[in-house]
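Engineer: Next comes the sequence, and after it the predicted model I'd like to discuss.
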Amino acid sequence: LLFAGDVEDHFLFGIKFTKKSVKLYSNFYASDIIVASPLALKLKIDGGEVTKKKGRPKENDSDFLSSIEIVVVDYADVISMQNWSHLHAVLEQLNHLPSKEHVTNVMRIRPWYLDEQARYYRQTIILSSYLTPEMNALFNGSCLNYEGKVKLATEFTGVLPKIQLEIRQVCMNDLMHLLLVNLMMP
């Protein structure tokens, strides 16, 4: 299921909702939703993309991550098999004060953003098939909501106890007897 279809791990696009339409591939500063891989976000933040005109790397740009309110890390178990440091670096860049003034309506800025308290109001959802120490560290270090944290783990016992094999049980004495008999035979 993971390797079906397009398996590119470098994707980044914005979605903007208007009154009458949904615009895909919108500018990140105007987007309501950003869908991206950690690798693509890391390259965007570091300026890893090369400009066509000058042939130089772009300058660092992480201001579009300053007003993120909900982060969903889906398939964290798959991300942990890749480069986990990309995800960690992206989460460190969230909710900082922007370095430049972008087209922003100042009346819509919430006071806790200006007080640099936005990370305490951000909701971070991490979805995974299993739990790793890296995910625990991310949960404990980057998820700082003032209302508290919740870790939900489901227990799945599996199907192995439901399988009933008809195997002849051999006690230890019978096993030792068979072993001795086989050793004495030439």
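Structural biologist: Yep, it's here.

Engineer: Now find how far off-centre the helix-or-strand element of the chain with minimal mean pLDDT is within its chain.
Structural biologist: Lowest by mean pLDDT, DSSP states H and E among the helices and strands of the chain is helix 172-184, with a mean of 71. Taking Cα atoms, centre = their mean, to the nearest Å, the mean C-alpha location of helix 172-184 is offset from the chain mean by 55 Å.

Engineer: How about stretch 61-72?
Structural biologist: The mean C-alpha position of stretch 61-72 is separated from the chain mean by 14 Å, Cα atoms, centre = their mean.

Engineer: Okay, and the beta partners of the residue nearest to the spatial centre of the chain?
Structural biologist: Centroid-nearest residue in the chain: residue 73, 3.0 Å away (criterion: Cα atoms, centre = their mean). For residue 73, the beta-bridge partners are residue 126 (DSSP bridges).

Engineer: What residues does it make contact with?
Structural biologist: By Cβ atoms under 8 Å, 6 or more residues apart in numbering, the contact set of residue 73 is 79, 87, 124, 125, 126, 127. Where C-beta positions appear, they are placed from N, C-alpha and C, glycine not excepted.

Engineer: Make TSV from the residues you listed and add pLDDT to it.
Structural biologist: Output for those, formatted as TSV (pLDDT from 0 to 100):
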residue	pLDDT
79	91
87	93
124	92
125	92
126	92
127	92
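
Engineer: can you give me the strands in the protein?
Structural biologist: Using DSSP state E, the strands of the chain run over 12-17, 22-24, 33-36, 70-73, 123-126.

Engineer: looking at those strands, which is closest to residue 174?
Structural biologist: Closest approach to residue 174 among those is made by strand 123-126 (51.9 Å; Cβ to Cβ).

Engineer: Give me the buried positions along the closest one.
Structural biologist: For strand 123-126, a neighbour-count test (16 or more other Cβ atoms under 10 Å) marks 124, 126 as buried.

Engineer: Next: stretch 124-141.
Structural biologist: So stretch 124-141, judged by 16+ other Cβ under 10 Å, has buried residues 124, 126, 128, 135, 138.

Engineer: From residue 32, how far out is residue 87?
Structural biologist: Residue 87 is 22 Å from residue 32, where distance means Cβ to Cβ, to the nearest Å.

Engineer: now residue 89
Structural biologist: 24 Å.

Engineer: more crowded one of those two?
Structural biologist: The residue with more neighbours, out of residue 89 and residue 32, is residue 89; 16 against 12, by other Cβ atoms under 10 Å.

Engineer: what are the ranges of the helices in the protein?
Structural biologist: Applying DSSP state H to the chain gives helices spanning 38-46, 76-80, 84-93, 111-114, 133-142, 172-184.
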